[in-house]
Structure formats: C-alpha cells, structure tokens
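Peer 1: have a look; sequence and predicted model below, questions after that.
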Amino acid sequence: MSAFAARAVARGVRRMTLLSGRGEPEARRAEEEVRRVLPGLTVLRCAFFAQNFSESYLVPAVLAGTITMPVADVPEPFVDLDDVAEAAVRSLTEDGHAGELYEMTGPRALTFTEVGAVLGAATGRPVEHRAVAPEEFVAGATADGLPEEVAHALVALFSEVLDGRNAAPSDGVRRALGRPAGGFEEYVAGAARAGAWG
C-alpha cells in the first residue's frame, strides 16, 4: 500500500482517502505506512457494514432466517456504506479533511439478536442469531457459495473485531459530514422497500 501511495504521490496525487478497518491492528499498520508517504491522508476507519446483510455474504442467512456467526452475541454499531461513500467523496473533493481520521459507525450498537429482530420486522419473516463454532461457520458459508479461504478469513476477522472492542459508537460520520450517521433500522427499512430480500 505504501508503494502504491508513493507512486500516486510521485504522479501528482495530493488527496488520498483510505478505507480502513476499525479495531484491526494490521489495518492500522497500513494507515501508518501510507501516512508516512502522504501525511495529509484521510482515513475512514469503518465498523461492520449494514450492507453485509442485504448486498453481501449474509443475504442467504437472512433469507434462511438464521444468521450464524462464529462469535458471541456482541453489540456492534453497524455503519451504512452510503455514509462511508459520501465521506470518501467529500474527503477527495472538499478542503478540510486532510490528515483526518474518521471512525465511521452507526449511531448505536445492536447485538446480532437485535439485528435479527430488525430484519424480521422489515422482511415479515423471523430472523434469528445463532453463535456457532468456527468450523460450523466455515461449513455453512461454503455451502452458501463463499470460497473456503474467504470463510476462514472471516472467522479470523470476526474473532478479532467482534470481541466487544468496537461496541461504542463513534462520531466520525458527524465530523466528516456534519450530520448524524444513518441508523441500522432506517437502512434496513429502505433496503426492504427496494426488494433486497424479495
């Protein structure tokens, strides 16, 4: 990443925004490496995306009615990627974001059990959370079509960041955009209206 940043700077890039992971030591190391090359780097350090439930690998789980996770039922302040995208655009097109670190989260933390209740209310069918052993998670994810190496990577990631360290919401969305972060309930309602789980 630092080599890429160095090439970009050598070619005249003066604004750069890095999508990073909240609570991930390796992601933080990447931030530091890129910031050495471009001190004005803007970092969007993100929590678990709300869109994972409607546009990514958790869609089959929602449709099946059971979200299995290889971790306990910890709270997480799920962030709407629309907020992240808007912050990225602003940081690349407006002054005032150089050198900033924005921790991007939703306005409140929900457990996966609470997420299931929100999804169930929006879809009209029950959705529950079930904590499973890592090997059961991998087996289920691969059965749903996820490559095995990706499933193992998710187990490692979830074990690291879904341990409660990221439970507290942050003010990064408000600082970056000047408005409150979008809530998970509002996101799910909009996704349901758009037919995400139809």
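Peer 2: Happy to help now that I have it.
Peer 1: contacts only, for Phe184.
Peer 2: Taking C-beta atoms under 8 Å, 6 or more residues apart in numbering, we find Phe184 in contact with 50, 78, 80, 106, 108, 110, 115, 118. All C-beta atoms are positioned from the backbone trio N, CA, C, and that covers glycine.
Peer 1: the fifth one: how many residues sit nearby?
Peer 2: When you say that, I think you mean Arg108. Neighbour count for Arg108, taken as other C-beta atoms under 10 Å: 15.
Peer 1: for it, give its distance to Pro180.
Peer 2: Arg108 sits 11 Å away from Pro180, going by C-beta to C-beta, to the nearest Å.
Peer 1: same check on the fourth one?
Peer 2: In this structure, Gly106 and Pro180 are 10 Å apart, going by C-beta to C-beta.
Peer 1: who's more crowded, those two?
Peer 2: Counted by other C-beta under 10 Å, Gly106 and Pro180 do not tie: Gly106 has more neighbours, with 27 against 12.
Peer 1: go ahead and confirm that one touches Asp82.
Peer 2: No. Using C-beta atoms under 8 Å, Gly106 is not in contact with Asp82, being 11.5 Å away.
Peer 1: quick one: which helix or strand includes Gly120?
Peer 2: Applying DSSP states H and E as the criterion places Gly120 in helix 112-123.
Peer 1: I'd like to know which elements that helix is packed against.
Peer 2: Judged by 3 or more C-beta pairs under 8 Å, 6 or more residues apart in numbering; DSSP states H and E, the packing partners of helix 112-123 are strand 66-69, strand 128-131, helix 184-193.
Peer 1: mind jotting down where the helices sit in the protein?
Peer 2: In the chain, the helices defined using DSSP state H lie at 2-10, 25-37, 59-64, 81-93, 112-123, 134-143, 148-161, 172-177, 184-193.
Peer 1: ok, which of these comes nearest Val74?
Peer 2: In terms of C-beta to C-beta, the element of those nearest to Val74 is helix 112-123, at 7.7 Å.
Peer 1: local confidence estimate at Arg14?
Peer 2: Arg14 is assigned a pLDDT of 94 by the prediction.
Peer 1: ok, it to Ala88 distance?
Peer 2: 16 Å.
Peer 1: what's the burial count for Val173?
Peer 2: Neighbour tally, Val173, other C-beta under 10 Å: 26.
Peer 1: which positions within stretch 172-187 qualify as buried?
Peer 2: For stretch 172-187, burial by neighbour count (16 or more other C-beta atoms under 10 Å) applies to 172-173, 176, 181-185, 187.
Peer 1: higher neighbour count, Arg14 and Ala88?
Peer 2: Per other C-beta under 10 Å, whichever of Arg14 and Ala88 has more neighbours is Ala88, with 20 against 9.
Peer 1: give the contact list for the closest residue to that one other than its chain neighbours.
Peer 2: Leaving aside its sequence neighbours, Ala88 sits nearest to Thr17 (C-beta to C-beta, 6 or more residues apart in numbering; 5.2 Å). Contacts for Thr17 (C-beta under 8 Å, 6+ apart) come out as 41-44, 88, 91-92, 97.
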